[in-house]
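Novice: pasting the sequence and the predicted coordinates here, then a few questions.
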Amino acid sequence: MAVLIATGAGVRHHRRWLLRDLDLTVEAGETIAVAGPPGSGRTSTLLALARRLRLSQGKVSLFGTAALGHVAGVNEFEPVFTVSEHVRERLALLGRSRKEAASVELHGLDPELRGRDLTPYQRQLLGLILALLARPAVIALDGVDSGLDAGERERLWTLLGEIAAEGVAVLVTAREVDPARVSRTVLLSDPQSGEPGRATVQETPVENPAPVENPAPVEEPEPTEETQPEPEPVDEEPAVDEIPAEEEQVK
């Protein structure tokens, strides 16, 4: 079931296209990566797909709600609020009881940790926690490979996989992404290229099944009188007296 459809989507900033002519359909439970070099418009593309940025052309349709995880400079955390206070505030903004905060999964975050002390990995976690409170159809988070070490990236991707497995579509941005971790990649062109803003949707290739090692030989049945093939006819040269008269040489 589609939860997001982009048709000819484009974003123009001043005189340059950050994104143009993007056609993309996102199904529930898919993970879509937006990748490209610095300045290629990754964050703008993410915000446009989440309908947080006005399009210059085309259309983005959402079937359900989209929630932002951590996007630097867009939804920063309050420096003096603790993790628990951020959760209670978000519940209140959603019109839900703050008492629900006691049952919210924090994925190892210290509930008393303040916003100003969060590491890049902890910011990603808190962003996901707050976004999930809205029970969205789509979650969008920026820079999943920014400032995280290898272990943190692995744990974050594992969590994103669990979220997608529950039927939530996940949109992420990164400079580079392992195709095996995502359903598709929206690859943005280099802004210095001749076609800035061009987006190519790359499908994750399906791996071929592993070949069977040392397969057992197939025994062919012994031919019988009924199964033996008939001998093919042998072409014989015609006898001299069978050659048509018109083909004889005139001496």
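Specialist: Sure, I can see it.

Novice: my read: V74 touches L53, true?
Specialist: No: counting by CB atoms under 8 Å, L53 is not a contact partner of V74; they are 9.5 Å apart. Placement of C-beta: from N, CA and C, glycine included.

Novice: which one's more surrounded, those two?
Specialist: For V74 versus L53, neighbours defined as other CB atoms under 10 Å are more numerous around L53 (18 against 13).

Novice: separation between the more buried one and V71?
Specialist: 11 Å (CB to CB, to the nearest Å).

Novice: what touches both of those two?
Specialist: L47 (CB atoms under 8 Å, 6 or more residues apart in numbering).

Novice: ok, back up a step: which residues are in contact with each of V74 and L53?
Specialist: L47.

Novice: how about L160, nearest residue that isn't a chain neighbour?
Specialist: Once flanking residues are discounted, L160 sits nearest to V170: 5.3 Å by CB to CB, 6 or more residues apart in numbering.

Novice: also A134?
Specialist: A134's closest residue in space is A67 (CB to CB, 6+ apart), at 4.5 Å.

Novice: quickly find the element holding the one you found.
Specialist: Per DSSP states H and E: A67 is located in strand 66-68.

Novice: what's next to that strand, contact-wise?
Specialist: Contacts for strand 66-68 (CB under 8 Å, 6+ apart): 4, 49-52, 74-75, 127, 130-132, 134, 136-141.

Novice: drop anything exposed from those residues.
Specialist: 4, 49-51, 127, 130-132, 134, 136-141 (16 or more other CB atoms under 10 Å).

Novice: in strands only, show me those.
Specialist: Among the buried ones among the contacts of strand 66-68, the members found in strands (DSSP state E) are 4, 138-141.

Novice: mind putting the residues you listed into TSV with distance to D178 and pLDDT?
Specialist: TSV is the format used below for those (distance: CB to CB, whole Å; pLDDT from 0 to 100):
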residue	distance to D178	pLDDT
L4	22	98
V138	21	98
I139	19	98
A140	19	97
L141	16	96
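
Novice: quick check, nearest of those to A199?
Specialist: Proximity of those to A199 was ranked by CB to CB; the top entry is L4 with 14.7 Å.

Novice: tell me who's in contact with the closest one.
Specialist: 24-26, 49, 60-63, 66, 137-138, 169.

Novice: now it. Nearest residue, chain neighbours left out?
Specialist: Nearest to L4 is V26, by CB to CB, 6+ apart, at 4.1 Å.

Novice: against D23, how distant is L132?
Specialist: 28 Å.

Novice: should've said L109
Specialist: Distance from L109 to D23, by CB to CB: 38 Å.

Novice: pLDDT (mean, whole number) over the helix or strand harbouring the residue nearest to L160?
Specialist: Here V170, judged by DSSP H and E, is contained in strand 169-174. Strand 169-174 shows a mean pLDDT of 97.

Novice: in it, what's buried?
Specialist: Buried, per 16+ other CB under 10 Å, within strand 169-174: 169-174.

Novice: in a markdown table, list those residues along with distance to T185.
Specialist: What follows is those, written out as a markdown table (distance: CB to CB, whole Å):
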| residue | distance to T185 |
| --- | --- |
| A169 | 15 |
| V170 | 13 |
| L171 | 11 |
| V172 | 10 |
| T173 | 11 |
| A174 | 9 |
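
Novice: then the residue nearest to L4 would be within a strand, right?
Specialist: Yes: under DSSP: H, G, I helix; E, B strand; the rest coil, V26 sits within a strand.

Novice: list the contacts for V80?
Specialist: Going by CB under 8 Å, 6+ apart, the list of residues near V80 reads 114-116.

Novice: run the last query once more with 6 Å
Specialist: With contact taken as CB atoms under 6 Å, 6 or more residues apart in numbering, V80 is in contact with R114.

Novice: where does it land in three-state SS?
Specialist: Going by three-state DSSP: V80 is coil.

Novice: measure it to R114 for me?
Specialist: From V80 to R114 the distance is 6 Å (CB to CB).
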